[in-house]
Structure formats: structure tokens, C-alpha cells
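Peer 1: Provided below are the primary sequence and the corresponding predicted coordinates.
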Amino acid sequence: MMHHRFTPSDLFDLSAEIVDCQFNITWILTEDASIRYLNGTKICVSRAAGNRACIRCDYTEKFESQNNFNGQKWQFHYVGFSVEENTEYFIEASNIPPANPFEDIPQKIIKLTSPDCQDNTLKYCKTCIEMGSLWDPNIFVCYTDSEVEVNFTTSSFCSEYAVVLCESDECRDYTEHTVFTTKRNDTRVAERIPVNGQNSRKFIELIPSFPKCQSDCRRYSDYQVMCREASSNGTGRANWDANLNAIYVCTVAALLSIVCTLAAILYFKRRHGTTKNWDLLYPNMKQTPTTVLVVYSQEVCFQHTVLGFAEFLHERCKSDVIIDAWQKRRIAEIGPVQWFATQREIADKIIFLSPGPGSAACDSTCKRTIECHMKDSECMFMIAFNLFCSDLKNQSSLHKYMVVSFNETNLAKSLPSPLNCCPKYFLMKDIDSFCRDLYFSQNLRRGEGTNSKCNWRFKMNFKL
């Protein structure tokens, strides 16, 4: 083992929380001079069963100060270890290079137990969904003299269920009836179970057999009694049918109401137009400008397209525009990655600007400008694209991203394929929808009005 003359101190703090079905691990570096010898941090996550996974986070540059540019302790995050329900985890972290042989090993260890699938932090995870975390069987029971009818909604992840019947709540002598079904698309299933005698027909619970949990799945005992037939005169079945008919009538009435509302909205919009529509709905509310971050590649003619497009957003759409060309000094102070990460949090919309076709307008002066900004622009484009891929993987903040192009035929070749999932707008062809989506999506989310709107019905004056 290599012997190190100097080794870094232990971490100042280590913490973890569950975010999007994964651990978000945060560690803070100790504020002392040994930070100069810190090369990386090793993080390991292990379970009581013995499974262990580790990652190494290397710091790309030597630390020149004990604090960050805000005067605070250096803090880092890592998200990547998946979380399972009802599991005890041990999370440990230590700095690299490690302590020399026969020296104390400085490391932090924390213990964390994940909740079950009914907790909001995990119930929307894929594993928990496949174990029925979002499933509501909505059980109805109908008792008759000769049978018990159990009606419930099936799950798309389960094909086998068990219905437990007992003579009493104590359930000393129970009967388990297995239900197999091929209806795995969230449809209703009615199972009739013959019984003998008044004391042999009490429903206790419904037990699904999801492949992920088998016999250890959650059991469902809540139900509603829809009919109770004291004799074989058919009144119980009539009550059951009457209840179902009432449900159908209410459903049809609700759908009819929705259709009428939509028809009224469409008529109002056609009669008054888009602009008047929103003015009438929100007459006295104040507008908040939309903050737009523009990202462009090195092929974009800088002078004629990027700045002209930014001017269009600012002057016509009344948006606060962020582009790297206007904040070079700030980028030099904190670095492009930190700058873009900060702007991504601030921005309401992030626009990937697709390069247009070659034009004589890009004269020698424009070409020199492109060469001057090529390195910085391409670096910023790749940083933005990498952060977009991270958001795409984690399914977060995707509503912010848009793609704008001035050449419909060239779009597929000019941008990376993952950006195909973003809304695309071809200017000036889609100028109406672009301005509406840019403006209304943000202000409606904030609950604000729309008195001052983007004046998109005009012709752009700058050259592409």
C-alpha cells in the first residue's frame, strides 16, 4: 500500500435522503489546511443482507481555499444508489487518499431505514408500483343466502388473487378462494363464491399475488356492502343492479358536463380570439416576465441569429433573456458548469437554438465572430446538453426545455437525438404556438394573469 506524507482530514458532515427512488447523499468537507491534499471521496452503501456498492468521486482540480466562493464550507452531492422498501442501509464516506497503515481511518457512517411502499417517497417508484402501491381494488361485497359475490378492480401487474371468508371476525376457521383472471388492464371482476349457512359468508380480506412480493403482498380488508338479500326473492340482486345503474348514470352525466364545458370554451375562443379570451379571463392581474435561457451551438451565426433572437424575446415577448455572451465575466469567475447550473434553476424556459442553413448574411465579419466564440459556445452547449440528459434520466424539469429552429428540414441533423423529446417550434411557421407556450405555460403555473401579452403577430426584422 502506498504511503502518503500528508492525508486529508475526515469529512465534516454526511447526510442522505431519498429523492426520486434514489439516495441523495450530501457530504461537507472539513474546513482546514489538509484540504490541499484531498483528491477524492469514496462513498459506499451497504445493506444488512451484505450487498455493498461503492463509487469514487474525484475532484478535478486541487482546492485552493478552505471555503467556496460564498465563504461557506465545500459541499457536494451524489444521486445514484437505488432504494428498496423496508430496507436498512449503512452509508459510509471517507476521503482519498486514505490514512496510512496503522493509522486511524477517518470516515463517516450513517444508518438509514427506507419506508414501505405506502410512503410518499417510494410509492411512485417502479418497484413499488409493480407491488400495488398505487392500486385501489375498490371492493364491493354482495351477500345472498347461497353465495358471496366479491367485486373488485384488478391490477395490470397481477393475475392471481385470494378471497378470504370467515365465520366471524376472529377467523378461526377461514376459507380461501383463489381467483385467476386474464383481465389485467384495471377492469372490474365479479367473483361469486357459494356458501352454506348464514355463518360461513363473511368477507375478511383480498390478497393479491404480485410477482414482486408473492405471498408477502399488502392485504386489503376495506370494502362496501352493496346488497343484502334475506331470501331468494331477488331483491338483493335488484339492489345491486340499481346501484350499478346509478353509477353509470352519474358517469354519463359527468362526461356530458365535461363535453359541454369544452364546447363552450372552444366557442368562446373562436368567437373572441386568443387574445381577447385570455384578457377576459384574467383582467386585473399583474404579469411576471418569463426568464429564458438560450443555448446555441457553434454553427449558429452569432451576430445575426442568437443576438437577434434574444432581442426578439426581450422586446416582443417581454422576457428576461440569459445568454452566455452577456455574462462572460461572471462565467470566468465561477466557471461554466456552475454558471449554467445556477441559470438552469433560475430559468423558466431553456431554449436549444438549432442552427439555420448557410446564408450570405454570414459574411467575413460574422465568421470571425463565430471563430472567436466557437470554443465557449460549444462548451456551454455540451454542458447544457449533459444537464438535459441528466434531467431526462431523472424525469425532472423536462417542462423547461424547448427546441427552436429556423429551418424545418435541417433540424434532425443539427441537434442530438435525445432533444427530439422536447417541444419543437419552427420560426416563423410556429410563431403563434411558440409565443403562447412560452408565455402562458409559466404564468398559468404561477397563477398569474395575462394582461400584457407577447405580441407575436409581426414579422421579425433580423436576418437569419
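Peer 2: Received the coordinates, thanks.
Peer 1: run through the stretch 301-450 of the chain and note the low-pLDDT ranges.
Peer 2: 301-304, 355-378, 408-414, 439-450 (pLDDT under 70).
Peer 1: quick one, strands of it?
Peer 2: In the stretch 301-450 of the chain, the segments counted as strands under DSSP state E, counting those that start in this stretch are 320-322, 349-353, 401-405, 424-426.
Peer 1: closest to residue 149 out of those?
Peer 2: strand 401-405 (51.0 Å; Cβ to Cβ). Glycine gets a C-beta too; all of them are placed from N, C-alpha and C.
Peer 1: what packs against that closest one?
Peer 2: Counting contacts by 3 or more Cβ pairs under 8 Å, 6 or more residues apart in numbering; DSSP states H and E, strand 401-405 is packed against strand 349-353, helix 411-414, strand 424-426, helix 431-446.
Peer 1: who are the contact partners of residue 415?
Peer 2: 297, 352, 354, 403 (Cβ atoms under 8 Å, 6 or more residues apart in numbering).
Peer 1: do you know how far it is from residue 428?
Peer 2: 19 Å (Cβ to Cβ, to the nearest Å).
Peer 1: likewise for residue 406?
Peer 2: Counting by Cβ to Cβ - residue 406 and residue 428 are separated by 8 Å.
Peer 1: who has more neighbours, these two?
Peer 2: residue 406 (22 against 14; other Cβ atoms under 10 Å).
Peer 1: hmm, the more buried one is touching residue 426, no?
Peer 2: Yes - judged on Cβ atoms under 8 Å, residue 406 makes contact with residue 426 at a distance of 7.4 Å.
Peer 1: overlap in contacts of the two?
Peer 2: Counting by Cβ under 8 Å, 6+ apart, nothing touches both residue 406 and residue 426.
Peer 1: ok, for residue 218, nearest residue in space, not its chain neighbours?
Peer 2: Spatial nearest neighbour of residue 218, excluding adjacent residues (Cβ to Cβ, 6 or more residues apart in numbering): residue 132 at 6.3 Å.
Peer 1: which residues does the one you found contact?
Peer 2: Applying Cβ under 8 Å, 6+ apart, one finds that residue 132 lies in contact with 117, 155, 157, 158, 208, 210, 217, 218.
Peer 1: most surrounded residue in the residues you listed?
Peer 2: Most crowded among these, counting by other Cβ under 10 Å, is residue 117 at 25 neighbours.
Peer 1: wait, which of the strands of the stretch 301-450 of the chain is closest to residue 172?
Peer 2: strand 401-405 (60.9 Å).
Peer 1: partner strands of the closest one, with direction?
Peer 2: Here strand 401-405 has these sheet partners by DSSP bridges: strand 349-353 (parallel), strand 424-426 (parallel).
Peer 1: can you name the two of the contacts of residue 132 that sit furthest apart?
Peer 2: Most distant of those, by Cβ to Cβ, are 117 and 158, 14.1 Å apart.
Peer 1: distance check, residue 268 against residue 261.
Peer 2: For residue 268, the distance to residue 261 - Cβ to Cβ - is 11 Å.
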